[in-house]
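*Asks:* here is the input, now give the coordinates:
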Amino acid sequence: CAGPQVMMGEEGGGGAPLWAVVSSAPDPARIIAELDKALRSANIGQQYEAVICFGKLMQRFRDAVVVNSAFMKLSDVYRSTNNFVRYCIAQQVAGSKHVQRVQQLVLNVDEVVKRFHSVLLSNDPVARAITLRVFAAVPNLVKDKLQVHHAIRNSLDSNHELEASAAVVAIDKLCAVSAVFAESVIDRLAQLIQGMETPLPLKIKLVRIFQHMHHSAMLTTRAHEICESLLRGSPTTSPVFITTIHTLTRLSSVSLISAPSQVELLFGALVKDPRLGVKLAALKNLNYLAKVTPHSSFNVDGLIEVAASAENVAVQEQAIGVLTTLSKTHYQHLLKHPQLASVCEQLMYSPASGELLHRCVKLLINFVSHDAADELVQQLLCAVCWGIATRFTEQGRSTSDQDEQFLRCTVRLCKACPQATARVVSSIVTTLQRTKGRQAEQLSRGLVCVVMHDRQCLRPHLSALSALVTDPAVVSCPIIVRNLCGAMLRAMDTSDAGAEANLRRSAAQLLRGGHRWLCYLIAREAACRGCHGIALEIFTHLKDCVESEEVYHWLSVLELVSRAEVLAQDARRAGTAETLSAMVCFYHRARTVLMAACSSSRKFQLQQDLLQLRTDFLQTLLTVKYRLGELSSLGSGPECVPAEQGPPLQRGFCEVALRCAELRRHAAAAAAHAAGAYEEACQAAALALAACFGACQVAAAVGTTAAATALHRAATEVSRRAAELSVGQWAAADALLSSLVVAATLPVDFFRIETAP
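*Replies:* Residues are numbered from 1 along each chain as shown. Got it, this is the predicted structure:
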């Protein structure tokens, strides 16, 4: 195969490589002509490349005419070329997912099949084997071709091992789509399986074909009879016995009529057969049936008895797995079972296997989700805390996947029972202080997910987490630091001075230690959680510690944004005209600096759009503030507004509403109710501002391309709601504007740039 690889990339008739022609040429007819010329070339490298390019052609042009022409060219070359090119074509047809998707677009099915079938009549067994692989890759094209069916059945009697193996693959694929072929070959398969001269590996392959015999009730019954006779005639130690059990299970899952009898068969093998392999195979198949046929009748009492009395840990794990699957549909029956809780408690603390703990916890959580009984919750909570303390240690023998699944169960427990979150958080924090490496990383990620369900439960542990963040063993893993800081920021409010001071000290200690990237991660999390004071200190320090001018500009932008939002969070000055003016100035400066940081590799377009949205929002707030000031200067209430000053003020408020969210101005009220119209205009403008702020958050989540659509939809909703408003105090609009100034978070997408600073 080295020859074709070396010669790939030769130029076609047009003077360009074939792959370049396929990728760039707009006319598929020209591409097919070039590929046909390369296929008939004497250069085997060009032939090999042309076959591969046919797959790319069908990927690019998913048209019936193009696909049909490509298959016609390949089949025409296939019948007259050598076995190497035939093998390349078979690999392309069978291995390319794009060819598999477009095979139903072939129009001249008879001609394509005729050309491939002609090779089955040759005297070369290798060519026939390759052709059988081609038919196995396109079973939908030959599912009704009786001459092909006959040739495939005859290939089973071949003395050539390669051809016989390819025939088995073709039969397996064809039986799955063709009822005619399945009915014609089932007796022949039964004869070969029962024959003494058939090798054992071939018998196993033939038995697996019976899982596709579900096209009719008679065919299914016949397949069941053959498989059951194999079970009676094969020793339980034989691989044929295990394969037959799997085949019967797959067949029963498709033909739902025979599912109950298969459940009884599997449970009988589980109880009566003492061999470990048979028990495990029966439990795995019972678990499969419990997923696909949950309506079947399962012996729950017997499964619980097997889980309690089995001597092998693997059998106990599989039995609990079946019960866990059944608990999603049969939870009422399982929950009322008197021995289930005691059996789970006995198995959860077994030192033989950590997987048993995870499976039992998962089983009990399914019950807690439906019926959170106090006794069951306490039992489950003790097991979870014990598992956290024993699994996530250096001496723990569990794998990474098992730990991940266990933490997911823990998060499910906290979601179903929020009262259990405090104890779970305490166990995680305690374990984190003596855990390192991969397990500490998983625990920190789990802590972030658990805190989402109860923010208050982490506050008693903030000092311990602050000390943990500065631990040298933890500092070496940035992911752990980021997760811990994220959990702390989730737990504390912007008014929580003590927790914020702890985090500031931790960040300062990391800065003194030279861990600037970790400090950047902390500042990013703080900005996303609304703690802009912490972010401001870190960004201000980091700005002077970088060497790249581009990174310096980026950190300067973050510093300016943090300064603006710190002003908004000042309770004494939030919402005043001076604060709004200062914030607008900071945002204008930030956008100017960001434009200076742009380069050919980094455009910062999303960041520029978000800054512009926030600037427009604040500018509109400032305009409304001035309008409210004009209104309040006219008197102590709306009744003091002179009639001659009504229209200008009304137009001003409606302009603000239009500017915020393209709000259509409502019809003016009657002259006798002019004061009420002004109040409605104020509140309509405030609602428009709220809609604009929500649209900014939507734009941050889905990208700025949807910002205009989100604003338009918000404006429509605001217009509808504003028309239904009752007359209230005009001063309420001023208070609402002050509350709208504060930004809860900085969007996460704001920090998503191509490479880290």
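*Asks:* please save the CA atoms from the helix or strand hosting residue 265 in CSV.
*Replies:* Here residue 265 sits within helix 259-272, counting by DSSP states H and E. What follows is helix 259-272 as a C-alpha-only set of coordinates in CSV (Å, rounded to 0.1, in the frame of the first residue of the first chain):
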residue,chain,number,x,y,z
ALA,A,259,-40.4,-10.8,26.3
PRO,A,260,-42.1,-12.4,29.4
SER,A,261,-41.0,-15.9,28.6
GLN,A,262,-37.4,-14.6,28.1
VAL,A,263,-37.5,-13.0,31.5
GLU,A,264,-38.5,-16.3,33.1
LEU,A,265,-35.8,-18.1,31.1
LEU,A,266,-33.1,-15.7,32.3
PHE,A,267,-34.2,-15.8,35.9
GLY,A,268,-34.2,-19.6,35.9
ALA,A,269,-30.7,-19.6,34.6
LEU,A,270,-29.7,-17.1,37.3
VAL,A,271,-31.1,-19.1,40.1
LYS,A,272,-30.5,-22.7,39.0
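*Asks:* now that helix: buried residues?
*Replies:* Of all the residues in helix 259-272, those buried under the rule 16 or more other C-beta atoms under 10 Å are 259, 260, 262, 263, 265, 266, 267, 269, 270. Any C-beta I mention is one placed from the backbone N, CA and C, and that applies to glycine too.
*Asks:* quick one: contacts for the nearest residue to the second one once chain neighbours are set aside?
*Replies:* So the one you mean is residue 260. Nearest residue to residue 260 in three dimensions, chain neighbours excluded: residue 296, at 5.3 Å (C-beta to C-beta, 6 or more residues apart in numbering). Neighbouring residues of residue 296 by C-beta atoms under 8 Å, 6 or more residues apart in numbering: 259, 260, 263, 289, 290.
*Asks:* can you put these in a markdown table and add pLDDT and distance to residue 274?
*Replies:* Formatted as a markdown table, the contacts of residue 296 follow (pLDDT from 0 to 100; distance: C-beta to C-beta, whole Å):
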| residue | pLDDT | distance to residue 274 |
| --- | --- | --- |
| 259 | 82 | 26 |
| 260 | 83 | 25 |
| 263 | 87 | 21 |
| 289 | 89 | 23 |
| 290 | 87 | 24 |
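*Asks:* for those, which one is nearest residue 505?
*Replies:* Using C-beta to C-beta, residue 290 is the member of those that lies nearest residue 505, at 53.9 Å.
*Asks:* isn't that closest one up against residue 298?
*Replies:* Yes - with contact defined as C-beta atoms under 8 Å, residue 290 counts as touching residue 298 (6.6 Å).
*Asks:* overlap in contacts of these two?
*Replies:* Common contact partners of residue 290 and residue 298 (C-beta under 8 Å, 6+ apart): 322, 326.
*Asks:* returning to that earlier point: from the buried residues of helix 259-272, pick the one nearest residue 68.
*Replies:* residue 259 (42.3 Å).
*Asks:* spit out the contact partners of the closest one.
*Replies:* Residues near residue 259 by C-beta under 8 Å, 6+ apart: 252, 253, 289, 293, 296.
*Asks:* please repeat the previous calculation with a cut-off of 10 Å.
*Replies:* Residue 259 makes contacts with 249, 251, 252, 253, 289, 292, 293, 295, 296, 297, as judged by C-beta atoms under 10 Å, 6 or more residues apart in numbering.
*Asks:* how about CSV for the residues you listed, with secondary structure added?
*Replies:* As requested, these are arranged in CSV below (DSSP: H, G, I helix; E, B strand; the rest coil):
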residue, secondary structure
249, helix
251, helix
252, helix
253, helix
289, helix
292, helix
293, coil
295, coil
296, coil
297, coil
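*Asks:* restricted to buried residues, select those residues in ChimeraX.
*Replies:* Only the buried entries of the contacts of residue 259 go into this ChimeraX selection, using 16+ other C-beta under 10 Å:
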select :249,251,252,253,289,293,296
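*Asks:* residue ranges of the helices in the stretch 251-400 of the chain, please?
*Replies:* Under the criterion DSSP state H, counting those that start in this stretch, the stretch 251-400 of the chain contains helices at 259-272, 276-292, 300-309, 313-326, 331-335, 340-348, 354-370, 374-391, 400-416.
*Asks:* quick one, phi/psi of the residue nearest to residue 260?
*Replies:* Main-chain dihedrals, residue 296, degrees, to the nearest 10: phi -70, psi 160.
*Asks:* per-residue pLDDT, it?
*Replies:* Residue 296 carries a pLDDT value of 75.
*Asks:* likewise for residue 747?
*Replies:* Residue 747 is given a pLDDT of 55.
*Asks:* do you know how far residue 590 is from residue 267?
*Replies:* 69 Å (C-beta to C-beta, to the nearest Å).
*Asks:* equivalent analysis for residue 584, please.
*Replies:* For residue 584, the distance to residue 267 - C-beta to C-beta - is 74 Å.
*Asks:* need the helices for the stretch 51-200 of the chain, in chain order.
*Replies:* Using DSSP H, counting those that start in this stretch, helices in the stretch 51-200 of the chain cover 64-78, 83-95, 97-102, 109-120, 125-137, 139-142, 146-155, 161-175, 179-194, 200-208.
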